[in-house]
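Student: Can you look at this prediction? I've put the sequence above it.
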Amino acid sequence: MKRVLMAKGAHKIINVSIGAKPGEKILIITEASKMSIAESLAAAAFAAGSEPIITVMVPRETDGTEPPEPIAAAMLASDAFICVVGKSITHTNAVKKAKEAGSRGVVLTQFSEDMMIHGGIECDFAAIAPECMEFAKVMAGAKKIHLTTPFGTDLTFSAEGRRGNALYCMVKPGQFSTIPTIEANVSPLEGTPSGKIVADASVPYIGIGVLNEPVVCEVKNGFITSMTGGSQAKKLYEDLLSKKDPNCFNVAELGVGLNPNCYFCGFMLEDEGVRGSCHIGIGTSITLGGTVKAKSHYDLIMTKATINVDGRIIMKDGVPCIFD
């Protein structure tokens, strides 16, 4: 019965998010464990008159690892691509180059069959798009962004010269978006972030998920210099150290969640999209407008944030107020 229920979500991704057209080549990148989702998307693409192509790869060992070269080449040749994977390939050169070549992509990392039916996928993407674009516009090029929460986050950075990214689950040529998270983000100018990050909600990677206790990070000159907390903080810190890449500690992103249908469940693209949440991405920033390529990109998610952009409050205690 789930195959039947997934059809509605698959139709939405193909026709609303991708906007598939007859004759287009739609590349679906997946793993064996995600084949039911890939096939539902392929059926919807075929029904739209497009040519679906399913390519199956060995799951990547860590988030941020490049896909195999033949798949990267296929992404370049596609009209649109859909990543249905367990480990993220979002922050890779393959996605960056495919986008630059004019393909349009959507990312379904950690997607489950249930996520094709309930939760963030049920949101009216077009209705939230104007707010998302306005957040991205305001954060783009900001001289000073100041992020605080009642749990102890107090972080400042500059985004001068940086674009804002509006990810609202709908793409045009040369764009990509995550689904079902709706978020606006910006990549800090390297070396400028300073202060403290306190994630109180989720770190949806490496089996951590919804947090039992906060993860506290000290930041200096753009890099996390220490990480403390309970067992979940220790697990995250040890994983980052094991990569033997100092760029994994780079403060790469500030993202604002705007999807009213998303909820905290431990899955990345649901958790990041929770309306009123925000996250600090660490590691790779090249797909967001930054210059850093690391061996990972993880997001530290928090709630009740206040965001001040060049003296203008765009979120107050977790309530978006961009249009106030």
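Tutor: Now that the structure is in, tell me what you want to look at.
Student: now the helices for this protein?
Tutor: Using DSSP state H, the helices of the chain run over 2-12, 35-47, 69-77, 93-100, 125-139, 231-242, 268-271.
Student: Alpha carbons of the last one, as PDB, please.
Tutor: Extracted as PDB, the C-alpha positions of helix 268-271 are listed here (Å, rounded to 0.1, in the frame of the first residue of the first chain):
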ATOM      1  CA  MET A 268      18.300  15.600   8.200                       C
ATOM      2  CA  LEU A 269      15.900  17.100   5.700                       C
ATOM      3  CA  GLU A 270      13.000  17.100   8.000                       C
ATOM      4  CA  ASP A 271      14.900  18.500  11.000                       C
END
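Student: Show me how far that helix is from its chain's centre.
Tutor: Put simply, helix 268-271 sits 8 Å off its chain's centre (CA atoms, centre = their mean, to the nearest Å).
Student: Over to the longest one?
Tutor: When C-alpha coordinates are averaged (CA atoms, centre = their mean), helix 125-139 and its chain have centres 15 Å apart.
Student: Distance to residue 302 for the helices of the chain - can I get that in TSV?
Tutor: C-beta: built from backbone N, CA, C; applies to glycine. Compiled in TSV, the helices of the chain are given as follows (distance: least, CB to CB, whole Å):
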stretch	distance to residue 302
helix 2-12	28
helix 35-47	29
helix 69-77	33
helix 93-100	26
helix 125-139	16
helix 231-242	14
helix 268-271	11
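Student: Which parts of the stretch 101-250 of the chain are strands?
Tutor: Using DSSP state E, counting those that start in this stretch, the strands of the stretch 101-250 of the chain run over 104-107, 145-148, 154-157, 164-167, 176-178, 183-186, 194-199, 202-203, 209-210, 215-220, 223-228.
Student: For those strands, state which one has the densest average packing.
Tutor: Of the strands of the stretch 101-250 of the chain, the one with the most neighbours on average (mean count of other CB atoms under 10 Å) is strand 183-186, at a mean of 28.
Student: Give me the contacts around that strand.
Tutor: Contact partners of strand 183-186, identified using CB atoms under 8 Å, 6 or more residues apart in numbering, comprise 132-136, 139-140, 142, 145, 159, 162-167, 253-259, 272-273, 279, 281, 288-289.
Student: on that earlier part again, with respect to the strands of the stretch 101-250 of the chain, which exhibits the lowest mean confidence?
Tutor: Mean pLDDT is lowest for strand 176-178 among those, at a mean of 91.
Student: What does residue 62 show for phi and psi?
Tutor: Per-residue torsions, residue 62: phi -140, psi 160 (degrees, to the nearest 10).
Student: For it, list the residues it contacts.
Tutor: Residues near residue 62 by CB under 8 Å, 6+ apart: 87, 243, 295-296.
Student: I am finished for the moment; much appreciated.
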